[in-house]
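Novice: need a 3D model of the sequence below.
(2 chains)
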Amino acid sequence: MTNQELAQVCKQVRRDIINMTANAGSGHPGGSLSAVELMTGVFFTQMRVDPKNPKWEDRDRFVLSKGHAAPCYYGVLAEKGFISRDEFQNFRQLHSILQGHPDAKKVPGVDASTGSLGQGVSIANGMAMGAKLLGKDTKVYVMCGDGECQEGQIWEAFMAAAHYKLDNLTVLIDWNGLQIDGSNDEVMSLGDFPAKLRAFGFDLHEVADGNDLEQVLAALNAPTVPGKPKCILAHTVKGKGVSFMENQAGWHGKAPNAEQREQALKELEG
Amino acid sequence: MSEKIATREAYGRALVELGAQNDKVVVLDADLAGATMTKYFKAACPDRFFDMGIAEADLVDTAAGLSTMGLIPFASTFAMFGAGRAYEQVRNSVAYPKFNVKLVMSHAGVSVGEDGGSHQCIEDLALMRAIPGMTVIVPADANETKAAVYAMAKYNGPVYMRTSRLASPVFEEAHPFEIGKATVLREGKDVAVFACGLMVSEALEAAKLLAADGIDAAVINVSTIKPIDAECVTKYALQCGKVVTVEEHSVIGGLGDAVSSVLMGKVACGFTKLGVQDEFGQSGKAADVLREYRLAADLIAEDIKKAL
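Specialist: Here you go, the predicted model:
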């Protein structure tokens, strides 16, 4: 797939995020929009998966630790062909497979039920450890939020990833700098985040613009270091692509109304 | 019932046997392998043993991830931390997706002894029972522990099993173990005594004391708390008309409540819950602590008599 085609996928996923949350009248557009290039890059240029056989044993794995970015995930899964776009209208509705946060029992292509923050890296570690034990070349990807890294368990898991030398694991951090109550620094500063990640044993790739496909792909394609887990720490913009949502903590967990939806879709077309 | 073996010891030994037969079995611990007895598996199958360090939340979720690879993870630490601290990990990352994870937590109940109330988990059964789809097992002796380990490995889904620190009597007769089936260890017509874990042997001793006073007590080992054997519970409640439950757990949310839920609104009978009466445990020698909370045979017999 060319970068231009990937850009089209990203554009479609952004439209999906706006439509899904607007339809549902709830959901998390801000942290979904910031994650689009990272998730699209992983699913379309890295992962070995078969949408027709979502439980294929030798597939690569993806865990959305920041499970509130479900609208982005569902958009990407639909673009890959795991789920039908027709499901989108049921997002967050009774009896839908598209729960507010990803449910592994219900959605093809979802390997872990997530959304309760801080747990995804541990789950991904288990997958990566299992793959190694079974002699499989499975790659495991897990995406975290920045605010999520205030959870202590994240650091337990980072420690374990280095301890077990999980070089088949890539941790993607969507560093948009904002969380529900404000900026990371106002709420609970992450301090020298890159230094902490390096100190925990990661092969760290800091991406200056995590909403720039080329930069994201360069980091994803960078060779891995034997014996070290890889971490892509990507500076992103919360609400990316919709002017009135960009860099606004208030759009973490709020759906656009009809008027805002229209404006957002217009901007995304532009 | 002369020989005494702790259920944690039986668990550790059973894992080694199971691991030799089934290469999908992996074991995780949180720096307590020497206490939960997963150390035997660690020695036998080092490549399939993962110490996660003192990080129980990570322990449980790593097990969840391993299970998605088709492996059968057994994760162990103390009940206080496995069911307590990591409750939400168990709830959301293991039970909610219905992953095939076996949580076997030791040092449950007040028989932990000297470590004191902070380490005596008397709420684990309540916590685990409340989770939809969770199977909850409390084996009564070493043989049942081993049988339960095999049964849970065969069963596809999340299971919680509690083991004990204290060495306890091994029944002379090994009873078949089946998830969801209670075992009648002593027939009786005056009172049905439902017990689990260490309290089963105490209840049997209590029944002997009661027999000397002309009271004929049935003793039923309810080794699966969830799904509970409603048929057996109902039958013996009807047969005896009086029910007593005995557990080394808070009387809130454990065996007593599970049994009462079966009978409520269906069977009219006397009902008494023996266990830890909504208070924390404390340090002391295990036998002394058990007596303090009236969880020894003679005191159980006294309390059953009072209930009648």
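
Novice: any weak-confidence spans in chain B?
Specialist: Along chain B, the parts satisfying pLDDT under 70 run over B:1-2.

Novice: contacting residues for the residue minimising distance to the centre of it?
Specialist: By C-alpha atoms, centre = their mean, chain B has its centre lying nearest to B:V138, at 2.0 Å. With contact taken as C-beta atoms under 8 Å, 6 or more residues apart in numbering or on different chains, B:V138 is in contact with B:125, B:161-162, B:196-197, B:222-223, B:225, B:255. C-beta: built from backbone N, CA, C; applies to glycine.

Novice: who wins for neighbours among those residues?
Specialist: Greatest neighbour count in those, by other C-beta atoms under 10 Å in any protein chain shown, goes to B:L125: 34 neighbours.

Novice: surely it is within a strand?
Specialist: No: going by DSSP: H, G, I helix; E, B strand; the rest coil, the assignment for B:L125 is helix, not a strand.

Novice: contacting residues for residue 76?
Specialist: Chain wasn't specified; assuming chain A. Counting by C-beta under 8 Å, 6+ apart, A:V76 has contacts A:9, A:13, A:39-40, A:43.

Novice: ah, I was thinking of chain B
Specialist: B:S76 neighbours (C-beta under 8 Å, 6+ apart): B:11, B:27-30, B:32-33, B:36, B:38, B:82, B:103-106.

Novice: out of those residues, who's nearest A:M1?
Specialist: For the contacts of B:S76, the residue nearest A:M1 by C-beta to C-beta is B:L28; the value is 39.1 Å.

Novice: thinking again about what came up before, sort out for me which of the contacts of B:S76 are in strands.
Specialist: B:27-29, B:103-105 (DSSP state E).

Novice: let me know the closest of those residues to chain A.
Specialist: Closest approach between the ones in strands among the contacts of B:S76 and chain A, by C-beta to the nearest C-beta: B:L28, at 8.7 Å.

Novice: shouldn't the closest one be in contact with B:F74?
Specialist: Yes: shown here, B:L28 and B:F74 form a contact pair, counting by C-beta atoms under 8 Å, at 7.3 Å.

Novice: now the common contact residues for the two.
Specialist: B:38, B:63.

Novice: still on that earlier bit, next, format the ones in strands among the contacts of B:S76 as CSV and append neighbour count and distance to B:G116.
Specialist: What follows is those, written out as CSV (neighbours: other C-beta atoms under 10 Å in any protein chain shown; distance: C-beta to C-beta, whole Å):
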residue, neighbour count, distance to B:G116
B:V27, 30, 28
B:L28, 26, 26
B:D29, 24, 22
B:L103, 31, 23
B:V104, 31, 23
B:M105, 28, 18
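
Novice: wait, which of the residues you listed is closest to A:V171?
Specialist: B:L28 (20.4 Å).

Novice: before we move on, the earlier item: would you list the ones in strands among the contacts of B:S76 in CSV and tack on distance to A:L233?
Specialist: Below are these laid out as CSV (distance: C-beta to C-beta, whole Å):
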residue, distance to A:L233
B:V27, 34
B:L28, 28
B:D29, 31
B:L103, 33
B:V104, 37
B:M105, 36
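
Novice: list phi and psi for B:T68.
Specialist: phi -70, psi -10 (degrees, to the nearest 10).

Novice: correct me, but it touches A:S113?
Specialist: No: here B:T68 does not reach A:S113: they are 10.6 Å apart, not a contact under C-beta under 8 Å.

Novice: neighbour count winner among those two?
Specialist: Per other C-beta under 10 Å, whichever of B:T68 and A:S113 has more neighbours is A:S113, with 27 against 22.

Novice: neighbours of B:M128, how many?
Specialist: By other C-beta under 10 Å, 30 other residues sit near B:M128.

Novice: my read is it is in a strand, agree?
Specialist: No: per three-state DSSP, B:M128 lies outside any strand segment and is helix.

Novice: got the contact list for it?
Specialist: B:83, B:90, B:103, B:134, B:136, B:160, B:226.

Novice: try 6 Å
Specialist: Contact analysis of B:M128 by C-beta atoms under 6 Å, 6 or more residues apart in numbering or on different chains lists B:83, B:134, B:136, B:160.

Novice: residues near residue 163, how many?
Specialist: Chain wasn't specified; assuming chain A. Counted with other C-beta under 10 Å, A:H163 comes out at 15.

Novice: was after chain B, sorry
Specialist: Neighbours of B:T163 using other C-beta under 10 Å come to 27.

Novice: again with the one 4 residues further on
Specialist: The criterion is other C-beta under 10 Å. On that basis, B:A167 has 17 neighbouring residues.

Novice: if you skip the residues just before and after it, what's nearest to it?
Specialist: Leaving out its chain neighbours, the residue that sits closest to B:A167 by C-beta to C-beta, 6 or more residues apart in numbering or on different chains is B:K4, at 4.1 Å.

Novice: closest to B:D303 out of the ones in strands among the contacts of B:S76?
Specialist: B:M105 (27.5 Å).

Novice: between the contacts of B:V138, which is nearest chain A?
Specialist: B:M161 (19.9 Å).
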